[in-house]
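*Asks:* could you work out the structure for the sequence below:
(2 chains)
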Protein chains: 2
Amino acid sequence: MSKVPYKIYLEEDEMPKAYQNLRAYMSEKPEPMLNPATLKPVTKEDMQAVFCDACIDQEFNVTDKFIEIPQPVFDFYKMYRPSPLVRAYNLEKLLDTPAEIYYKFEGTNTSGSHKLNSAVPQVYYAKQQGLTKLTTETGAGQWGTALSMASGFFGIDSTVYMVKVSSQQKPHRKAVMETYGTNVIPSPSETTEVGRAINEKYPGTGGSLGCAISEAVEVAVNTPNCRYVLGSVLDHVLLHQSIIGLESKIALDKYGITPDVVIGCVGGGSNFGGLISPFMAERLEGKNNIEFIAVEPASCPTLTRGKYAYDFGDIGKVTPLMKMYTLGSGFMPSPNHAGGLRYHGMNSTISKLYHDGYIKAVSYEQTKVFEAAKEFARVEGYLPAPESSHAIRAAIDEALKCRETGEKKKILFGLTGTGYFDLAGYQKFNSGELGDYIPTDEELETGFATLPQV
Amino acid sequence: MSKVPYKIYLEEDEMPKAYQNLRAYMSEKPEPMLNPATLKPVTKEDMQAVFCDACIDQEFNVTDKFIEIPQPVFDFYKMYRPSPLVRAYNLEKLLDTPAEIYYKFEGTNTSGSHKLNSAVPQVYYAKQQGLTKLTTETGAGQWGTALSMASGFFGIDSTVYMVKVSSQQKPHRKAVMETYGTNVIPSPSETTEVGRAINEKYPGTGGSLGCAISEAVEVAVNTPNCRYVLGSVLDHVLLHQSIIGLESKIALDKYGITPDVVIGCVGGGSNFGGLISPFMAERLEGKNNIEFIAVEPASCPTLTRGKYAYDFGDIGKVTPLMKMYTLGSGFMPSPNHAGGLRYHGMNSTISKLYHDGYIKAVSYEQTKVFEAAKEFARVEGYLPAPESSHAIRAAIDEALKCRETGEKKKILFGLTGTGYFDLAGYQKFNSGELGDYIPTDEELETGFATLPQV
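*Replies:* Numbers count the residues shown, from 1 in each chain, chains lettered A, B, ... in the order given. As a prediction, the model looks like this:
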């Protein structure tokens, strides 16, 4: 076996031709979504006013192990994929560890993250269905940018409700989306009932992700040939993100490498679910004994301190109920938190696998995360997104444990994106202004109190 | 021959092991630099207070065709190189052209451009020489970021004088450099004589690149074990940038492709010089008849409307005199110009080759450039730097000519970087506020009047 290069790139004909559906490998499936009005399982029809049909079919598909990637989607992927699988030789050297560290880097596209992997098929399916318009929300901007790139390419109108304070703080993110032809509306806006109501109730408000979601959904259901698209949490998004794990596994297999540990950061769960997919599938088939570690911020400790319960996906309580780990849809992480991953809940498949003991979870305070990010940037070159840096932190700690024990573990982690548009956190960290924040048990109870009685 | 993939990546063992020195292929060499005090050729000793020894040796080397890349530099390159050579299938389709369009994309590293290719060896050579500190200037920030990445990696102190108005408008660029450990000082500062003098003369000034250069050089020559590094214009920088062309040629050779046209944008000339290197070397040996096109902004038309004369490299007239195409060191391009490439002069090798008829030059107004950038971004995904977009504009126009004539030309252009930190131009273009600016003959005469009498 030849020495592993710094970066393993697949050839175009080695790229995966189908998404992998992790739920098809689970003997116990995640609980179904419930209609909050009836408490009965949601039907496909219930969702058709909001989401496009193909995505709904995928959301309900728990049996097909593989779902073909449409050729036009594959052709788009070829522009920015395969993403590199990197052997972190320099980080290993810095840490003086016997462990081997690998990372899959999803930040080489203009959206700056893995989000584009799901935006492309979602827009393609919408176009195929004859839809002419899509709406979504964005906070930090990665998902909005990903949607704008995909909708610009396939030629479909898109409107992104961007949290107002973000659109003011990040005019350049807005400029990128507009360059791709997207209509960016600061939220709350005067274009929707919910937006007008919130502006009236809270004059001058900077908005929130919950509000932006509500505006985007309102427009989607009230506009002909329009649907809403979502960048995480749901299972069809995880399906699309399986491309991350599939490429990683093919690259590692070329060099005869099976990881001992697979690490990813978790917000809604889409990158982690995608990264672990082929490895977890084999684990569920009894073919490996890989350790899977989900990394979350201590300030929003969904898996490590949340409850496994039915809850709404949004603060406005307009979504179906999902069985998941949650802090309660009313939980608000500290505004001091700079590291992303601020979602109260978690994808239901990840939640189920965690509940059943297949996944471990750890949480980190943000200063520890930024320390890791800065070390990583200096020796590996890439400036990581604060979100991705949670995974870096955990990977470094695993490698340091190996230094103590002498174990030659093979560690794979997901580097979901770059921090180029999210440097406020780095600025604060560099100047020593970044603090940590861990919610008290009382604060968590306040969030749990918002859980529905199911 | 198999079908060309969207992206050609070299294997690690296919990467070039030596830089190519284009001047060694020229039967007529560029004119030597002159000491402005004596008007005699500059000696190596003249330069040793400012630049590190290895770079000076390279600057004076016009005979060795190849100069080995040191192993630690090669190891750093492996982290972000090879850069992809992309077949622009989607752009070809959009343009409905029989031409084949290829581009070499240098924007996948965190500095966002090709500048890192020269920062790495410059920092390495400085470290080898036992130097402990480096200074430079930066305007838009790409070069400063590249230096900060390299100096962070090799562990050498670096100070970047950043044009004050840029450091205020781009606090995030500053944050990136600081994250890599660089000391960023807004210029003019109180840390140098020249800075204090300018602050006193022009209270509240936002600074200029010329002033920042003067500060960086002053500190370099007055600090023990410190030197100044430069990101373009000089021949050792072009030498390092030959990695761009060498990789491109190896990738194209794998598929039996020889370009008919090679296109690059020109500011100081480093990316263009690097891109054309192996192709021009063969042209000078009579082995091909490739057309080389340098693309510049109409607002700073160095090659298309400048004079071939000895001139200073900076507005402060502290550099040696260089024989080059120049608009005069006192020429100031319109501040309305958003597209970079604002340098009054041009690398002397590029100037000589242009003077001798080996290179064509064209200029474009910036709105035409941004139009091309936006089209490119939509179908090829990457959001290009305004500078790089000059090459895109010219490549598109070549391809459109082929649509008229039916010629199946193979067009190669350099995509030097991304526009992620330089979105103000896109914002203005999107909102219709971006105008064009072409200097009048009278304005050019004002610049020419600043030329020294040599």
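
*Asks:* contact partners for the residue of the stretch 351-454 of chain A found nearest chain B?
*Replies:* Among the residues of the stretch 351-454 of chain A, residue A:423 lies closest to chain B, at 4.0 Å counting by CB to the nearest CB. Bear in mind the C-beta positions are built from the backbone N, C-alpha and C, glycine included. Contacts for residue A:423 (CB atoms under 8 Å, 6 or more residues apart in numbering or on different chains) come out as B:171-172, B:175-176.

*Asks:* recalculate using a threshold of 6 Å.
*Replies:* Counting by CB atoms under 6 Å, 6 or more residues apart in numbering or on different chains, residue A:423 touches B:172, B:175.

*Asks:* in terms of pLDDT, where does it sit?
*Replies:* pLDDT for residue A:423: 85.

*Asks:* any idea how many residues pack against residue A:109?
*Replies:* 24 (other CB atoms under 10 Å in any protein chain shown).

*Asks:* now do the contacts for residue A:434.
*Replies:* Contacts for residue A:434 (CB under 6 Å, 6+ apart) come out as A:367, A:428.

*Asks:* can you tell me the SS state at it?
*Replies:* Using DSSP: H, G, I helix; E, B strand; the rest coil, the structure places residue A:434 in coil.

*Asks:* is it true that residue A:262 lies in a strand?
*Replies:* Yes - assessed by three-state DSSP, residue A:262 belongs to a strand.

*Asks:* that one: neighbour count?
*Replies:* 28.

*Asks:* leaving aside the residues next to it on the chain, what's closest to residue A:88?
*Replies:* residue A:101 (4.1 Å; CB to CB, 6 or more residues apart in numbering or on different chains).

*Asks:* confidence score at the one you found?
*Replies:* The model's pLDDT for residue A:101 equals 98.

*Asks:* my guess is it is in a strand, correct?
*Replies:* Yes - membership of residue A:101 in a strand is supported by three-state DSSP.

*Asks:* in the stretch 201-350 of chain A, where is pLDDT below threshold?
*Replies:* Applying pLDDT under 70 to the stretch 201-350 of chain A flags the ranges A:336, A:339.

*Asks:* if we go to 80?
*Replies:* Across the stretch 201-350 of chain A, the ranges flagged by pLDDT under 80 are A:315-316, A:334-340.

*Asks:* residue boundaries of the helices in it?
*Replies:* Applying DSSP state H, counting those that start in this stretch to the stretch 201-350 of chain A gives helices spanning A:209-222, A:235-254, A:270-284, A:302-305, A:348-355.

*Asks:* which one of those lies nearest to residue A:413?
*Replies:* Residue A:413 lies closest to helix A:270-284 among these, at 8.2 Å (CB to CB).

*Asks:* still on that earlier bit, beta partners for the residue nearest to residue A:88?
*Replies:* With DSSP bridges applied, the residues forming beta bridges to residue A:101 are residue A:411.

*Asks:* spell out which parts of chain A neighbour chain B.
*Replies:* With CB under 6 Å from any CB of the partner chain as the criterion, chain A comes near chain B at residues A:5-6, A:9, A:12, A:78-80, A:108, A:110, A:152, A:172, A:175, A:178-179, A:374, A:377-378, A:381-383, A:420, A:423, A:426-427, A:430.

*Asks:* from these, which ones fall inside helices?
*Replies:* The helices, defined by DSSP state H, take in A:78-80, A:152, A:172, A:175, A:178-179, A:374, A:377-378, A:426-427, A:430 from the residues of chain A next to chain B.

*Asks:* distance of the residue lying closest to residue A:27 once chain neighbours are set aside relative to residue B:21?
*Replies:* The shortest distance from residue A:27 to any non-neighbouring residue, by CB to CB, 6+ apart, is to residue A:284 (7.6 Å). With the distance defined as CB to CB, to the nearest Å, residue A:284 ends up 58 Å from residue B:21.

*Asks:* what would the helices of the stretch 201-350 of chain A look like in JSON lines with mean neighbour count?
*Replies:* Output for the helices of the stretch 201-350 of chain A, formatted as JSON lines (neighbours: other CB atoms under 10 Å in any protein chain shown):
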{"stretch": "helix A:209-222", "mean neighbour count": "22"}
{"stretch": "helix A:235-254", "mean neighbour count": "25"}
{"stretch": "helix A:270-284", "mean neighbour count": "26"}
{"stretch": "helix A:302-305", "mean neighbour count": "22"}
{"stretch": "helix A:348-355", "mean neighbour count": "24"}
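
*Asks:* could I get the ones you listed as TSV with distance to residue B:95?
*Replies:* Shown next, in TSV, are the helices of the stretch 201-350 of chain A (distance: least, CB to CB, whole Å):
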stretch	distance to residue B:95
helix A:209-222	34
helix A:235-254	29
helix A:270-284	35
helix A:302-305	48
helix A:348-355	44
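
*Asks:* between those, which gets nearest to residue A:147?
*Replies:* Of these, nearest to residue A:147 by CB to CB is helix A:209-222, at 10.5 Å.

*Asks:* how far is that closest one from where the chain is centred?
*Replies:* Computed by CA atoms, centre = their mean, to the nearest Å, the chain-centroid distance of helix A:209-222 equals 20 Å.

*Asks:* same check, this time on stretch A:30-46
*Replies:* Stretch A:30-46 has its C-alpha centroid displaced from the chain centroid by 23 Å (CA atoms, centre = their mean).

*Asks:* tell me the mean pLDDT over that stretch?
*Replies:* Confidence for stretch A:30-46, expressed as mean pLDDT, is 95.
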